[in-house]
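In: coordinates for the following, if possible.
(chains A and B)
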Amino acid sequence: MRFRRLPFIAGFLIVPVVLYVIYVVSPFVQTVFYSFTDWGGFSDTQNFIGISNYTRLFQDDIFLGAVVHNAFLLVLMPVVTILLALFLAFMLNVGGREDSAGIRGVRGSSVYKVVLFFPQVLSVAIIVILFQSVFRTDGRGLLNAFLMALGLVDPNKPVQWFNSPDLVMWCLLAVMVWSGVGFYMVLFSAAMQSIPKEIYEAALLDGASRGPTFFRITLPLLWENISVAWVYLGFIALDGFALVTGLTPDTGGGGPDHASELISNVLYRAAFTQGKFGLACAMGVALAVFSLLLAIVQLRITRRDRIEF
Amino acid sequence: MANQPGSEFTRRQLLQRAAALAVLAGPAAGVLSACAGGGGGSAGTTGTKSATNPLAVAEEAPLDVVIFDGGFGVDYAKYDINLYKKAFPKANAAFSATQKISDQLQPRFANGTPPDVIDDSGANQIKPGTLVDSNALTDLSPLLEAPSYDDPNVKVKDTLLPNVLDVGTYNGKVYLLNYGYTVYGIWYNAKVFREHNWTPPKTWAEFKTLAPQIKAAGIAPWAHAGKYPYYMGVPIMDWVGKVGGKQVLIDIDNLKPNAWRVDAVKASLNAVLELVHNGWMLPGTEGMTHTESQQAFLDGKAAFLPCGSWLENEMRKTTPAGTELTVLPMPDLTASDKMPYGTLRAEAGEPFIVPAKAKNVAGGLEFLRIMLSKDAAKNFAQATSSLSIVKGSADSVTGSTGLASVNKVNTAAGDNLLAYRSVTDWYPTMINEWEAATGELMAGRFTADQWIDKVQAAADKVAADSSIAKFHRDK
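Out: The predicted structure is shown next:
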């Protein structure tokens, strides 16, 4: 049996593996090669310069600052998104307890589902334009206008949002969470719906309230989904290129005064405006190593015994 | 069923990890594969030289032009392509327009298959210094020495406004043809000023007297595109050159030690800080984009705005009727400014290049020769309300207050013209630090000294970095 299955599987795998090698693995190999050269990107010649791109990288304050900003997002963004998504999914699926029928979501949950999922259908470009208007720094910005109407902000000194070094990363975090939470809410909802109702009914009969139901039943049964969500969100936090480029000040984004530089933005600038593709490739390799470490660490941390039902 | 130690991992785990890897590989590969290069080159096809074809264009060779779709639009390029098609009906001449010059063309440079002519402009410009450094550009001297399109007895270079080739000259060779002629200054709406009986200020003292009156009328005296601090380069750098003389800007460009630590720089920054600290800014302007701030200015929310002469064309669609856009040179800052009133930063912008590895180098040069004809130049002025570098391009164009005022101040300035290269073109690492410092200054978080320290440090870093090719200018 096993003997015949092997060529069968190989037959299916050969095409995708070849495509994967050509389009995914080979650029990685090339990138590693270029990271050891002084290639400028606009010619077909380059010199081999050893590891000096890498030593340069770790002496570059702007790059190191970008690593810190990515770490900020990496720690906070997945946690906030998952907690919010879990809370919303729980409320929408098993949070309602008003009547005796048992297990249901809060009233109007079908409407909430659509509203909360909505950001997921928007492209990043639209999200950028949307939040440019929300965080606009004069009285025409949605948030500023709102705060001014409440009398919380002086019309002559509107909040600078993305232009404030203290606020810019928090604003980015808010946009990222906003655009991600709907998807994970749906993901967790689907997982919750696959949990047998009998379990909840049993908990209800035993007199368990919402809190214990969530922590003792829902959370353990969702653990695998949460673990996957965590890894995905980690990668989103490592990227963030489009949001930073579109929303933050200075040409190409990353401002004010480098307060929101992310690795991807520093990489882009090194390559396309400074013509240092070798250095940019070194940054790319560093980013890929970070990503791999992240995947390994997170999958290990969140590993649990599976529960079958 | 729990995982048993030592057993093969489950299908779900396999899928989970494959999915995770795919997500990992997806974005990273996108960024990284941009680094992939290639080889190959071409000599460029040529035809037979003749009186009507001095650059020896091959009649049937296709022409591939890429135009930056920005403040000037692309209509003028359509006109020029049609002129080329008329001259070479057998050639398949075409242009494409993009705002992402660098993203789209870098791979083509790396593969040795660049287009024949590129309008290398905009925020996504491939920095000219980088291209020159990579020997990626054609020396334009055959074009400049060739007879002009309209008169075989006049060379192309003699049909141009004075000094316009300086910008595209790198270590003695002209690699960039900066086709548009841009005048920088501060803009106001003459109609608003007439209604309020205000006189445009010629000195900083006059400005400071006028500003409180403007504010009292419910208008902010000043707006600027704080999100892109580049625009504040107009007042800051113009004043540096005006107060300290051309040599200060030349020293800055040549990375002379402590070139930024001169009185002229400090005086300019402190004047700009007066705008910030006297509350003369449009509230929120420190975080606005160029279009947001320009629109606020056009809507009458602010009296002055620093910008280049592309402003009129860029905002044409949303300019309220009756607006009389007018440009003003920077007012005299002190009584002892080295340069007289009317001194302008005016220079050729919108660089056109012919890549060294273009398939049709001769055709590329010929396209530029056609662009420099009287017909094409006049059409450019008409279509974009901007001057081109061809002498007299806007003389017959009327009905545009902005272009008329640009023409007027430019004629009045004569030889009192300023330029600087290091921050804008030569050293891309400089612009980033310059912008970071200026953003902080305009938000009131930096003093003049902090600004100078940061920008000087950036200049020192460029000077000390052996991996960056250095440029030099004497005039």
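In: what's near enough to touch the residue nearest the centre of chain A?
Out: Central residue of chain A (CA atoms, centre = their mean): A:Ile236, 2.7 Å from the mean position. Each residue near A:Ile236 by CB atoms under 8 Å, 6 or more residues apart in numbering or on different chains is listed here: A:77, A:176, A:180. No exception for glycine: its C-beta is placed from N, CA and C like everyone else's.
In: name the residue of the stretch 51-200 of chain B with the shortest distance to chain A.
Out: In the stretch 51-200 of chain B, no residue comes nearer to chain A than B:Thr130, which is 3.3 Å away by CB to the nearest CB.
In: so that residue sits against A:Gly275, correct?
Out: Yes - the criterion here is CB atoms under 8 Å, and B:Thr130 meets it with A:Gly275 at 3.3 Å.
In: re earlier: okay, the residue nearest to the centre of chain A: pLDDT?
Out: On the pLDDT scale, A:Ile236 is placed at 88.
In: any idea which helix or strand carries it?
Out: helix A:219-238 (DSSP states H and E).
In: in that helix, what counts as buried?
Out: Neighbour-count burial for helix A:219-238 flags A:221-238 (criterion: 16 or more other CB atoms under 10 Å in any protein chain shown).
In: which is the next helix or strand following it?
Out: Using DSSP H and E, the helix or strand that follows helix A:219-238 in sequence is helix A:241-247.
In: by contact count, what packs against the next helix or strand after that next one?
Out: The C-terminal neighbour of helix A:241-247 among helices and strands, as given by DSSP H and E, is helix A:263-268. Secondary-structure packing of helix A:263-268 (3 or more CB pairs under 8 Å, 6 or more residues apart in numbering or on different chains; DSSP states H and E): helix A:61-93, helix A:241-247, helix A:277-301, helix B:11-33.
In: how about these in CSV, adding mean neighbour count and distance to A:Ser133?
Out: As requested, the helices and strands packed on helix A:263-268 are exported to CSV (neighbours: other CB atoms under 10 Å in any protein chain shown; distance: least, CB to CB, whole Å):
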stretch, mean neighbour count, distance to A:Ser133
helix A:61-93, 19, 22
helix A:241-247, 20, 11
helix A:277-301, 20, 31
helix B:11-33, 16, 26
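In: redo those as JSON lines? Include distance to B:Tyr181 and mean pLDDT.
Out: Formatted as JSON lines, these follow (distance: least, CB to CB, whole Å; pLDDT from 0 to 100):
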{"stretch": "helix A:61-93", "distance to B:Tyr181": "35", "mean pLDDT": "92"}
{"stretch": "helix A:241-247", "distance to B:Tyr181": "31", "mean pLDDT": "92"}
{"stretch": "helix A:277-301", "distance to B:Tyr181": "33", "mean pLDDT": "88"}
{"stretch": "helix B:11-33", "distance to B:Tyr181": "38", "mean pLDDT": "42"}
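In: can you list those in TSV and add distance to B:Ile219?
Out: What follows is the helices and strands packed on helix A:263-268, written out as TSV (distance: least, CB to CB, whole Å):
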stretch	distance to B:Ile219
helix A:61-93	39
helix A:241-247	29
helix A:277-301	46
helix B:11-33	46
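In: related to what we said a few turns ago, and the residue of the stretch 51-200 of chain B closest to chain A, what does it touch?
Out: Contacts of B:Thr130 (CB under 8 Å, 6+ apart): A:40-42, A:274-275, B:428.
In: the helix holding A:Ile236 versus helix A:61-93: what angle between them?
Out: Taking axes from the mean of the first three to the mean of the last three CA atoms, to 10 degrees, one finds helix A:219-238 and helix A:61-93 inclined to each other by 150 degrees.
In: can you tell me the closest non-neighbouring residue to B:Leu255?
Out: Closest residue in space to B:Leu255, ignoring its immediate chain neighbours: B:Ala463 at 4.4 Å, by CB to CB, 6 or more residues apart in numbering or on different chains.
In: what of B:Ala348?
Out: That would be B:Asn178: by CB to CB, 6+ apart, it lies 3.3 Å from B:Ala348.
In: what helix or strand is that neighbour on?
Out: strand B:177-189.
In: what about stretch B:297-309, how long is it end to end?
Out: Criterion CA to CA, to the nearest Å; first-to-last residue distance in stretch B:297-309 is 15 Å.
In: avg pLDDT for it?
Out: The pLDDT scores in stretch B:297-309 average 95.
In: hmm, it in reach of chain A?
Out: No - taking CB under 8 Å from any CB of the partner chain as the criterion, stretch B:297-309 and chain A are apart, separated by no less than 8.7 Å.
In: show me which positions of that stretch end up buried.
Out: Of the residues in stretch B:297-309, B:297-298, B:301-309 count as buried by neighbour count, 16+ other CB under 10 Å.
In: just give me how far that stretch sits from the chain centre.
Out: Relative to its chain's centre, stretch B:297-309 lies at 19 Å (CA atoms, centre = their mean, to the nearest Å).
In: again with stretch B:338-356
Out: Relative to the centre of its chain, stretch B:338-356 is centred 9 Å away, using CA atoms, centre = their mean.
In: what is the mean pLDDT for it?
Out: The average pLDDT within stretch B:338-356 is 92.
In: and the end-to-end length of it?
Out: Stretch B:338-356 has an end-to-end distance of 41 Å (CA to CA).
In: ok, stretch B:438-447 next?
Out: End-to-end distance for stretch B:438-447, by CA to CA: 10 Å.
In: and B:Asn270, how far from B:Ala264?
Out: Relative to B:Ala264, B:Asn270 is positioned 11 Å away (CB to CB, to the nearest Å).
In: the stretch 251-400 of chain B: strands as residue ranges?
Out: Listed in chain order, the strands of the stretch 251-400 of chain B (DSSP state E, counting those that start in this stretch) span residues B:302-308, B:325-328, B:344-353, B:387-388.
In: CSV for those, including distance to B:Val276?
Out: Supplementary listing: these in CSV, determined by distance: least, CB to CB, whole Å:
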stretch, distance to B:Val276
strand B:302-308, 14
strand B:325-328, 20
strand B:344-353, 22
strand B:387-388, 32
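In: of all those strands, which one comes closest to A:Phe90?
Out: Comparing the strands of the stretch 251-400 of chain B against A:Phe90 with CB to CB, the closest turns out to be strand B:302-308 (50.2 Å).
In: list of residues touching the closest one?
Out: With contact meaning CB under 8 Å, 6+ apart, strand B:302-308 is reached by B:182-189, B:192-193, B:198, B:214, B:219-224, B:231-232, B:234-235, B:282, B:285, B:290, B:293-294, B:296-297, B:311, B:328, B:349.
In: which of these are buried?
Out: Among these, those buried by neighbour count (16+ other CB under 10 Å) are B:182-189, B:192-193, B:198, B:214, B:219-224, B:231-232, B:234-235, B:282, B:285, B:290, B:293-294, B:296-297, B:311, B:328, B:349.
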